[in-house]
Every structure is written in structure tokens, then in C-alpha cells.
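[1] Provided below for reference: sequence and predicted model.
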Amino acid sequence: MKRSIIITLAMGLLFIIELQIFAERDFHGDRHGDRGRGRGAVVVEPHRFSRNKVVVVKPRRVRTMRVLPRGYSTIAFSGRNYYYRGGLFYGLFGGAYTVIAAPIGIRVRILPVGYRRIFIGGAPYFYYSGVYYRPVDDGYETIEPTSGTIVPELPQDDVDKVTIDGQTYYEYDKILYKPIVTDNGLQYQVAGKLDK
């Protein structure tokens, strides 16, 4: 029993050390500056990666439903209707509603319950389930994150686990994340964006 516990603890420690080493490297082995902490943060444009280098390790789980959840609101944006409820955006495809990534620039009046405050380039923004918001006069507008942005968790659904040049990442709405170990435990850092 004690031997089993010691082995489990040793394996956990090795995993944390491996994640720490992984967190200190970017795609080219460089070290990142102090980002997302509000002091001297470095803003770097997202790296672009070709989709033809991607190998899907774990395919995404897409949520589809015939009826929208109660209390949804309809948002007209760029000539199309989107449906919004509880921080999730839905699109209508073939007679069914599917959870989709938020269109960049769409606005909502209130933030979803459970949102997190994050920092991008030293400025406060808000994050919920793969969506980044900035405050605007009449509510909150979705934005695309910059490379180096750190978030506490990834969405539960619609995330692909992929490998690029032998390195494992998580992809949501073409944004690539790498797991890192921070003072707050395991989190995820924006590493770049896939091309179309």
C-alpha cells in the first residue's frame, strides 16, 4: 500500500516537472517574457501555423440540439442570427442548433456567470469557456486573444487535442493552447493560431 502511494506521488512529481519544463519553452525553445501579470507584460502577435502540419490526437465533441435552452437571446451580427445563453453561442445548421465559437466583435450586455478576469498586455479583460471579452459602452465585445495570454481552463467541449511537429496542443476555434504550470496550478497559454 505504501509502495503504491510512493510510486503514485513520484509519477505525479515527474509529471509536474515535465509540465514546468514544457511551460518554459515556446515553439522554438525561447523563453517568454512576463505576460498576463499586469507589470511589464509583453504582447506578441499570435504565431501562425499551417493546418497541414496538424495531426488530430483526440477529436472534438460537438454539442447539437433540436431546441435551444430556455432564456436564450437572439443577436443579429454581420447579417446572421446567433443565439446566446449562459455564455454559449449557438448557430442553426440543418435544422439543429450547435454550440459554436463566438464571432469576433459580437456584443453581449452582461458577462456569463462564472467568467474569469484575465490580463492581456496588462489590461483587464474577461474570459469564459474559450471566449474573450473586452468592456465597451453598452456591454462586452468578443475579441481574439494575443499570444501569451493565460487562461485558467479550456472549454469542456469543442476542443481538439492536436500535435504539431511532435508537440501536443489544444485547439479551440483555431486558437492553439499549451498547458503550463503557474503559481495557480495547471493553466493554458495561447501559443498561436492555425491558418484557415
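    That came in fine, so what should we check first?
[2] which strand in this structure runs the most residues?
    Taking DSSP state E as the criterion, the chain has its longest strand at strand 185-194.
[3] Remind me what that one packs against, helices and strands.
    Under the contact criterion of 3 or more C-beta pairs under 8 Å, 6 or more residues apart in numbering; DSSP states H and E, strand 185-194 touches strand 47-49, strand 150-151, strand 167-172, strand 175-182. C-beta here means a position set from N, CA and C on the backbone, and glycine is covered the same way.
[4] tilt between it and strand 167-172?
    80 degrees (axes from the mean of the first three to the mean of the last three C-alpha atoms, to 10 degrees).
[5] List the buried residues of strand 185-194.
    Using 16 or more other C-beta atoms under 10 Å as the test for burial, strand 185-194 gives 187, 188, 189, 190, 191, 192, 193, 194.
[6] Over to stretch 155-162?
    155, 158, 159, 160, 162.
[7] so the last one makes contact with residue 169?
    Same thing as residue 162. Yes - between residue 162 and residue 169 there is a contact at 5.6 Å, judged by C-beta atoms under 8 Å.
[8] and the buried residues of strand 185-194 as TSV, adding pLDDT and distance to residue 95?
    What follows is the buried residues of strand 185-194, written out as TSV (pLDDT from 0 to 100; distance: C-beta to C-beta, whole Å):
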residue	pLDDT	distance to residue 95
187	94	38
188	94	34
189	94	38
190	94	35
191	92	37
192	89	35
193	86	31
194	82	29
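[9] still on that earlier bit, any chance of the buried residues of stretch 155-162 in CSV, plus pLDDT and distance to residue 93?
    Shown next, in CSV, are the buried residues of stretch 155-162 (pLDDT from 0 to 100; distance: C-beta to C-beta, whole Å):
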residue, pLDDT, distance to residue 93
155, 85, 19
158, 74, 14
159, 83, 19
160, 84, 19
162, 84, 23
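[10] Adding distance to residue 103 and secondary structure, write those residues out as CSV.
    CSV is the format used below for the buried residues of stretch 155-162 (distance: C-beta to C-beta, whole Å; DSSP: H, G, I helix; E, B strand; the rest coil):
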residue, distance to residue 103, secondary structure
155, 16, coil
158, 15, coil
159, 18, coil
160, 20, strand
162, 23, strand
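[11] Out of those, the closest to residue 87 would be?
    Of all the buried residues of stretch 155-162, residue 87 sits closest to residue 155, with 9.7 Å by C-beta to C-beta.
[12] sorry, back to before: need the max-distance pair from the buried residues of stretch 155-162.
    By the measure C-beta to C-beta, 155 and 162 form the most distant pair in those, at 15.0 Å.
[13] coming back round to it: residues shared between the contacts of residue 162 and residue 169?
    Shared contacts of residue 162 and residue 169 (C-beta atoms under 8 Å, 6 or more residues apart in numbering): residue 176.
[14] What is the nearest of the buried residues of stretch 155-162 to residue 132?
    Proximity of those to residue 132 (C-beta to C-beta) peaks at residue 155, which lies at 12.2 Å.
[15] Nice, that's everything, thank you.
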